[in-house]
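Novice: coords below, sequence missing:
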């Protein structure tokens, strides 16, 4: 199968230091290849947890279900992703991974989650989630994933 490139994500979050004028810019690029080994079948955990736990997805945080269910946050994404409703159902566990053995559906769900994630991480909750995710990573992981952190 062909590689799937997910969007690069950018975000600003307040520094957790005493200097309130500091902010941290984190830039990371998550480019991953989709293959049959990453299809959803055979996992018991929620789809979002499973997706974020895949190798190469270390810099994705778990987007809150309430954020994904709010139609306002998804405005305009229907035109960007094939099978939008089915992908959303897969992401929200309304259909099981065994019900969606179509690799194109899984690939589209990967893309949709990436687009939702890119929007989520610029919200207050998303910035906090990414701050906690980035600072909980080891420096080696950050270097391996081409992360740049500026203080």
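Specialist: Looks like it arrived, so ask away. Just so you know, these numbers come straight off a predicted model, no measurement behind them.
Novice: residue 48 contacts residue 64, doesn't it?
Specialist: No: contact criterion CB atoms under 8 Å: residue 48 and residue 64 do not qualify, at 9.4 Å. Bear in mind the C-beta positions are built from the backbone N, C-alpha and C, glycine included.
Novice: give me the more crowded residue out of the two.
Specialist: For the pair residue 48 and residue 64, the greater number of neighbours falls to residue 48 (21 against 16), based on other CB atoms under 10 Å.
Novice: mind listing the helices in this structure by residue range?
Specialist: 47-53, 65-69, 84-91, 103-120, 124-136, 139-144 (DSSP state H).
Novice: mind putting those in JSON lines, mean pLDDT and distance to residue 78 included?
Specialist: Formatted as JSON lines, the helices of the chain follow (pLDDT from 0 to 100; distance: least, CB to CB, whole Å):
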{"stretch": "helix 47-53", "mean pLDDT": "95", "distance to residue 78": "19"}
{"stretch": "helix 65-69", "mean pLDDT": "97", "distance to residue 78": "14"}
{"stretch": "helix 84-91", "mean pLDDT": "96", "distance to residue 78": "4"}
{"stretch": "helix 103-120", "mean pLDDT": "94", "distance to residue 78": "10"}
{"stretch": "helix 124-136", "mean pLDDT": "88", "distance to residue 78": "21"}
{"stretch": "helix 139-144", "mean pLDDT": "61", "distance to residue 78": "34"}
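Novice: save those as JSON lines, and put in distance to residue 75 too.
Specialist: Listed next are the helices of the chain as JSON lines, based on distance: least, CB to CB, whole Å:
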{"stretch": "helix 47-53", "distance to residue 75": "20"}
{"stretch": "helix 65-69", "distance to residue 75": "13"}
{"stretch": "helix 84-91", "distance to residue 75": "12"}
{"stretch": "helix 103-120", "distance to residue 75": "9"}
{"stretch": "helix 124-136", "distance to residue 75": "16"}
{"stretch": "helix 139-144", "distance to residue 75": "32"}
